[in-house]
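1. From the sequence below, what's the structure:
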Amino acid sequence: YQAAKSRQGSHKVKTRSEVNGRAKKPFSQKGTGNARQGSSKPPNFRGGAISMGPQNRDHSFSLNKKEKTLFFGLGKKKEATAENFRRAAGSVVNFVIDKKYSSLAVECPTGGMEAYNCQAFTEGLVLSSYRFLDYFSDERANYHLKNITMVGTCNKDASKKGVIIANAVCDSRDLGNHPGNVTTPTRLANFAKEVGKKGNMKVTIFDREKFTKMGMGSFAGVALGTNEPPKFIIMEYFGGSKKDKPVLLVGKGLTFDTGGISLKPGLRMDEMKFDMCGSAVVFGAMNAIAALKPKMNVVAIVPSTHNMLGGSAVKPGDILTAYNGKTIEVLNTDAEGRLILADALAYASKHYDPEYILDFATLTGAIVITLGGIATGIMGNNEVLIENIKVSSENTGEHVWQLPLWDEYCDQVKSKVADVKNLGSPGQAGSIAGAAFLKAFVREDIPWVHFDIAGTASHVENRSYAQKDGASGQVIRLVLDLLGV
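-> Numbering: from 1, shown residues only. Okay, the predicted model is just below:
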C-alpha cells in the first residue's frame, strides 16, 4: 500500500458483534443495523515476528539488528481485543518511523481467523502512519514511510475495508490540520462535492443569501461578522431501499472561531482551526460510505462559517430567529456552535423523516474539564440508541461517556425574553446546557444523540495510532460501526 501525500502507509480490518457480552439492541422498528458477527474465540497467533510475551502500554521492543526483525508483545491470548491489535500496530509503525525505515513488512498476528481483529490491526497501521507534513520546506518534509506490506495469513476483505476506513479518517485529519485560511467553508463544500461524486451522492450547497432567505436566522447571525462566504452543505446518499429511513449526520463546521464580540483569549487561539472537527467526523463517515457503498440511506448536513468580529457581527443581547421559528437570546457570541447547529437540526427535522439523528461538535470547554482528552461526551433522548453507541464505542476503542439530559437542565436554557438562550445557568453543567439547547431544535419524535468531541477531536491521549498534537479523526470509526457499514 503506497503512502498518501501527507501520510505514510495504508491498510485496514473489522468484526465483533458482542463486546463484553453486550450485543447491540434492536432500534425502533428496524434496528440500528446488526452488530458485527464473528467468532467469539480469541484468534490464533502465529510465530515469527509475533511474540506472546509481556504487554505494556508502550509495547516494548527488541531488535535483531542483523536480520532487522522487530518483535512485539500482544499479551495473553484470552485477553486479546481488537483495540490491543490496533494499538500494537500503532506502536510498531511509530517505532519504524522513529528509526526512519522506508518500508515495513508485518505479519498479521490474527492469522486471519477473526475479521474484525484483522481490520483493527490494519487500521492501526494506517492511522499511525499519518503525518501532517504539508507546510514543511526543510528536512522534516524529506522522510516518508513509503509502504507497508502485510504478510502471512490475513483476511484480505477485512484488511482492505480497514484501509478504506482508516484513509477516510486520515482525509478528515487533513481537513482539521490545515489552517483556517485553507480549510474554509468553500473548501469543505468542495470536499463534499468530491466525495459526493465518488459515492454517487446528491450534494446541495446553500450560500449566505439562500439560507438567510430560507429563514436560517441563527446560522446567518453567526456568519454576519465574516467576509469568508459561509456554506450550508447537504450530502444525500441513498444506497438502500426507498422504504428505509435515512440516518442523519450533522456536523459543526466552524472553520475558525475567534469567539466573536465575546472574544477568546489570545493564548492557543490558533487551535480554533480545530473547531470544524465535528464536520470532519461527518465528512469522514461519508467518505468511507462513498467508497464502500453500503445498502443504506445516510444524509449529512454541515453548516460552515468563520466566527469573526466585524461591524455587522452578532452581539450579546441580540435575539435571532431559527429555522423552526424559535427565538434565541444570544448571551455569549462564543457559544456559536450551538447556534449554527440549531438551524441544521431544525432543517433535518423538517425535511427528513430520519431513523435517528447524530450531531457532532467541539461544543464546550466544559467537556474537556469533565472528561479530558480520553472520552467524548454523549447526551440524547433515546436510551436504546445511546446503548448501541456505547457498544460501537467498545468495538472501535473510541471512548464515550453519557451525561444526563433531564428536564431540569432544559429549563436552564429557557430565556426570559425569548424561547431559549445560548447559555445555561452560570458556572455549572456547561456541556449539558449545550445539549439541552440543541434538543429544542430536534423534533420530539426523532431519536437523537449529541456528541461533544471538544476533548477528543485533537490532542488525543494514550493512542499510539493518533498524533498527539493534531486532529484525531475520533468517532468516525464509531459512527461507521454503529451504521453497520
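
2. quick one: contacts for Lys197?
-> By Cβ atoms under 8 Å, 6 or more residues apart in numbering, the contact set of Lys197 is empty. From N, CA and C alone the C-beta is placed, and that goes for glycine too.

3. Where does it sit: helix, strand or coil?
-> Under the three-state scheme (DSSP: H, G, I helix; E, B strand; the rest coil), Lys197 adopts helix.

4. Ok, the one 3 residues further on next?
-> Of the three states, Asn200 takes coil under three-state DSSP.

5. Which helix or strand contains the residue nearest the centre of the chain?
-> Centroid check for the chain by Cα atoms, centre = their mean gives Val281 as the closest residue, at 3.2 Å. Using DSSP states H and E, Val281 sits within helix 277-292.

6. Check which helices and strands that helix sits against.
-> Applying 3 or more Cβ pairs under 8 Å, 6 or more residues apart in numbering; DSSP states H and E, we find helix 277-292 packed against helix 156-177, helix 185-198, strand 231-238, strand 247-251, strand 297-307, strand 356-361, helix 476-483.

7. Would you tell me which of the ones you listed gets closest to Lys78?
-> helix 156-177 (21.7 Å; Cβ to Cβ).

8. Tell me what angle the closest one forms with helix 476-483.
-> Here helix 156-177 runs at an angle of 130 degrees relative to helix 476-483 (axes from the mean of the first three to the mean of the last three Cα atoms, to 10 degrees).

9. Could you check the angle helix 156-177 makes with helix 277-292?
-> 150 degrees.

10. Sort out which residues of helix 156-177 are buried, please.
-> Neighbour counts using 16 or more other Cβ atoms under 10 Å place 158-177 of helix 156-177 among the buried residues.

11. Which strands or helices does that helix pack on?
-> Applying 3+ Cβ pairs under 8 Å, 6+ apart, one finds that helix 156-177 makes contact with helix 115-129, helix 185-198, helix 277-292, helix 476-483.

12. ok and that helix relative to helix 115-129, angle-wise?
-> Going by the same axes, to 10 degrees, helix 156-177 makes 30 degrees with helix 115-129.

13. avg pLDDT for helix 156-177?
-> The pLDDT scores in helix 156-177 average 97.

14. Could you do stretch 307-316 as well?
-> Average pLDDT, stretch 307-316: 96.

15. Please put the alpha-carbon coordinates of that stretch into PDB.
-> Taking C-alpha atoms only, stretch 307-316 is exported to PDB below (Å, rounded to 0.1, in the frame of the first residue of the first chain):
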ATOM      1  CA  ASN A 307     -17.000  33.200  13.700                       C
ATOM      2  CA  MET A 308     -15.300  36.700  13.400                       C
ATOM      3  CA  LEU A 309     -15.500  40.200  14.700                       C
ATOM      4  CA  GLY A 310     -16.900  42.800  12.400                       C
ATOM      5  CA  GLY A 311     -19.100  45.800  12.100                       C
ATOM      6  CA  SER A 312     -22.100  43.600  11.400                       C
ATOM      7  CA  ALA A 313     -21.300  40.800  13.900                       C
ATOM      8  CA  VAL A 314     -23.900  39.500  16.200                       C
ATOM      9  CA  LYS A 315     -23.800  41.000  19.700                       C
ATOM     10  CA  PRO A 316     -24.500  39.700  23.300                       C
END
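
16. what's in contact with it?
-> The contact list for stretch 307-316 (Cβ under 8 Å, 6+ apart) reads 221-222, 224-228, 254, 256-263, 275, 320, 330-334, 336.

17. With stretch 412-428 instead?
-> Identification of contacts with stretch 412-428 by Cβ under 8 Å, 6+ apart yields 319, 326-332, 335, 338-339, 409, 429-430, 432-434, 436-437, 440.

18. 7 Å instead, please
-> Residues from elsewhere that reach stretch 412-428 (Cβ atoms under 7 Å, 6 or more residues apart in numbering): 319, 326-332, 335, 338-339, 430, 433, 436-437, 440.

19. What about these, which are in strands?
-> Ile319, Thr327, Ile328, Glu329 (DSSP state E).

20. and stretch 372-384, which residues are buried?
-> Across stretch 372-384, burial judged by 16+ other Cβ under 10 Å covers Gly373, Ala375, Thr376, Gly377, Ile378, Met379, Gly380, Asn381, Asn382, Val384.

21. okay, how far is it across it, tip to tip?
-> 26 Å (Cα to Cα, to the nearest Å).

22. taking the contacts of stretch 307-316 one by one, which sit in strands?
-> In this view, these that belong to strands under DSSP E are Leu254, Phe256, Asp257, Leu320.

23. Per-residue pLDDT of the second one, please?
-> If I follow you right, that is Phe256. Looking at Phe256, its pLDDT is 98.

24. For it, list each beta-bridge partner.
-> With DSSP bridges as the criterion, Phe256 is bridged to His306.

25. ok, now the last one?
-> Leu320 has the following beta-bridge partners by DSSP bridges: Ile328.

26. Show me which residues of stretch 331-340 are buried.
-> By 16+ other Cβ under 10 Å, the buried positions in stretch 331-340 come out as Leu331, Thr333, Asp334, Ala335, Glu336, Gly337, Arg338, Leu339, Ile340.

27. Apart from its neighbours in sequence, what residue is nearest the third one?
-> What it means is Asp334. Spatially, and ignoring its direct neighbours in sequence, Asp334 is nearest to Gly259 (3.8 Å; Cβ to Cβ, 6 or more residues apart in numbering).
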